[in-house]
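>>> let's see this in three dimensions:
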Amino acid sequence: MVCPILLTNSQKLLTAFLSVILHNIIYVIDTENLSVITQS
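Take a look at the predicted model:
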């Protein structure tokens, strides 16, 4: 019973970590698009 609990915890951490990275990438792309729009 210990292994599945550890696995689910690591999966939750991994999912949260990936979602944070994804949000950062989307934020960077959005700011780059905004800067391009304002420059043109």
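>>> average model confidence for the strand or helix carrying residue 20?
Assigned by DSSP states H and E, residue 20 falls within helix 2-39. What helix 2-39 shows for mean pLDDT is 85.
>>> chain center to that helix, what's the gap?
0 Å (CA atoms, centre = their mean, to the nearest Å).
>>> now that helix: buried residues?
The neighbour-count check on helix 2-39 (16 or more other CB atoms under 10 Å) flags nothing as buried. To be clear about C-beta, it is placed using only N, CA and C from the backbone, and glycine gets the same treatment.
>>> who are the packing partners of it?
The helices and strands touching helix 2-39, judged by 3 or more CB pairs under 8 Å, 6 or more residues apart in numbering; DSSP states H and E, number zero.
>>> make 41 the starting number, not 1.
Sure thing, new numbering starts at 41, so read that last one as helix 42-79.
>>> so how far is residue 57 from residue 63?
11 Å (CB to CB, to the nearest Å).
>>> got it, and residue 64?
Distance, residue 64 to residue 57, by CB to CB: 11 Å.
>>> next: residue 70.
Taking CB to CB, one finds residue 70 at 21 Å from residue 57.
>>> likewise residue 78?
Distance from residue 78 to residue 57, by CB to CB: 32 Å.
>>> how about residue 65?
Residue 65 is 13 Å from residue 57, by CB to CB.
>>> how about residue 77?
Residue 77 is 31 Å from residue 57, where distance means CB to CB.
>>> can you give me how far stretch 68-80 is from the chain middle?
20 Å.
>>> which residues touch it?
Around stretch 68-80, nothing counts as a contact under CB atoms under 8 Å, 6 or more residues apart in numbering.
>>> just the CA atoms of that stretch, as CSV, please.
Extracted C-alpha coordinates of stretch 68-80, given in CSV (Å, rounded to 0.1, in the frame of the first residue of the first chain):
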residue,chain,number,x,y,z
VAL,A,68,6.2,34.1,-22.3
ILE,A,69,4.5,33.5,-25.6
ASP,A,70,1.7,35.9,-24.8
THR,A,71,4.1,38.7,-23.7
GLU,A,72,6.2,38.1,-26.9
ASN,A,73,3.0,38.3,-29.0
LEU,A,74,1.9,41.5,-27.2
SER,A,75,5.3,43.1,-27.7
VAL,A,76,5.2,42.2,-31.4
ILE,A,77,1.7,43.7,-31.8
THR,A,78,2.7,46.9,-30.0
GLN,A,79,5.8,47.3,-32.1
SER,A,80,3.9,46.8,-35.4
